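Trainee: model the structure of this input:
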Amino acid sequence: MTRRIVHTGTATFPSRSAAGPVRGVAAALLLGAVAALLSAAPAGATAQPVALPVTWGVAPASAPTFDFALEPGATLTDQLVVTNHGEVPLDLAVYAADAFTSPTGALDVLPAGTPSEDLGAWISTDVPQVLVAPGERVAVPFTLTVPADATPGDHTAAVVTSLVTGAGAGAGAGGVAVDRRLGTRVLVRVAGDLAPSATVTNVDADYAGSWNPAGTGDAHLTFTVTNTGNVRLTGPLAATVAGPMGVGAVSVPLGDLPELLPGDAITLTGTATGVAPLGRLSASVALAPVVATTATTTLPDDATSHALDPATGEAHLWAVPWSVLAVATLLVGAVLAWRTLRRRARVRFEAAVQDALAAA
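Mentor: This is a model prediction of the structure:
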């Protein structure tokens, strides 16, 4: 029985995410060239005793990216070019798979052997396997057929090449097989009514204060953004934290939402600094969604990026000024102690006076 090493990774494509306070947003993506896709070996794949290292690349044959605007029922053909940069021949499996937004905000594809239900199922390669000699380039034709009842909007997949390597006969008898995958994104925007929309939900906030009585603290936010529309979305995120009736409001940018595919959701975190401890605070996260487009000219003119109504989510948190309360407690304690000592001194003085008068 072959043991397969499974590398968990993501497909990376052109990023629309700006660096910022939002953590977990890792969407550095590729412009239709090479993306490392590492996962379980395709069903039925046979481990090859290929000498390592092996290096190959994939790219569209006639354009920087596979980005298409198509009508329902349309069919097109294109080619994926595979280049062997190594010194050994490569026998690669070729197939298409649906894409999705990973928890890190990058683009990933379904594991090998998992059936595609969307764009990955619309693409068929002319051959399931391709042999590429060292230093050679081979074009792999594929056909994309949009179903007549396809839903309008964005559909995303990848054309993937896969190489399963192992230790010869040992890979079939308890040896190790390693699957390396390399793919290029395919984007189809199906004609029809575009309905961009998003929600911000599950907002959670907590406060970390300062021991400086006059200082401020940080509000740590966690929230989920869901693409509830039918087009890819990005856009700037911002947070606002305020005290009762808006007192002491602090607004901070949280960077850009990574490109989010229709139907996908991502949980993000952010921090608002300089928040005064004013008791019960309100925290809101707002997304100004923007329809994502690419640099390609194959998308229609009316698909230009445009701003939409913001999506917001709210939560409440307590910001107790513990250091102020501690100082106040000490002051009150000091005053009470002083008054007690003073009262006792007065009682002793009055008793001494009474004793003196009685002795006289």
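Trainee: check the offset of stretch 146-157 from the chain's centre.
Mentor: Relative to the centre of its chain, stretch 146-157 is centred 23 Å away, using Cα atoms, centre = their mean, to the nearest Å.
Trainee: okay, buried residues for it please.
Mentor: 146, 150, 153-157 (16 or more other Cβ atoms under 10 Å). Heads up, the C-betas are built off the backbone N, CA and C, glycines and all.
Trainee: so which bits of stretch 115-134 are buried?
Mentor: By neighbour count on 16+ other Cβ under 10 Å, the buried set for stretch 115-134 is 116, 118-120, 122-123, 125, 130, 132.
Trainee: in CSV: those residues, plus secondary structure, pLDDT and distance to residue 277.
Mentor: Formatted as CSV, the entries for those read as follows, by DSSP: H, G, I helix; E, B strand; the rest coil; pLDDT from 0 to 100; distance: Cβ to Cβ, whole Å:
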residue, secondary structure, pLDDT, distance to residue 277
116, coil, 96, 51
118, coil, 97, 49
119, helix, 97, 50
120, helix, 97, 51
122, helix, 98, 55
123, strand, 98, 56
125, strand, 97, 61
130, strand, 96, 64
132, strand, 96, 64
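Trainee: so the residue lying closest to residue 61 once chain neighbours are set aside bridges to which residues?
Mentor: When the adjacent residues along the chain are set aside, residue 61 lies closest to residue 79, with 3.7 Å between them (Cβ to Cβ, 6 or more residues apart in numbering). When bridges are called by DSSP bridges, residue 79 pairs up with residue 141.
Trainee: how many other residues sit next to residue 79?
Mentor: Summarising burial for residue 79: neighbours were counted as other Cβ atoms under 10 Å, giving 17.
Trainee: for residue 359, same thing?
Mentor: Using other Cβ under 10 Å, residue 359 has 6 other residues around it.
Trainee: got it, and residue 64?
Mentor: A total of 14 residues lie near residue 64 under the criterion other Cβ under 10 Å.
Trainee: also residue 84?
Mentor: Look at residue 84: counted by other Cβ under 10 Å, it has 21 neighbours.
Trainee: and if you look at residue 289?
Mentor: The tally of other residues near residue 289 (other Cβ under 10 Å) stands at 26.
Trainee: for stretch 98-116, which positions count as buried?
Mentor: By neighbour count, with 16+ other Cβ under 10 Å as the criterion, the buried positions of stretch 98-116 are 98-102, 105-112, 116.
Trainee: reformat the buried residues of stretch 115-134 as TSV; add distance to residue 336.
Mentor: Putting these into TSV (distance: Cβ to Cβ, whole Å) gives the following:
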residue	distance to residue 336
116	74
118	72
119	74
120	74
122	79
123	79
125	84
130	86
132	86
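Trainee: for residue 355, which three-state class applies?
Mentor: In terms of secondary structure, residue 355 is helix; the call rests on DSSP: H, G, I helix; E, B strand; the rest coil.
Trainee: so who does it touch?
Mentor: Remark: with contacts taken as Cβ atoms under 8 Å, 6 or more residues apart in numbering, residue 355 is in contact with nothing.
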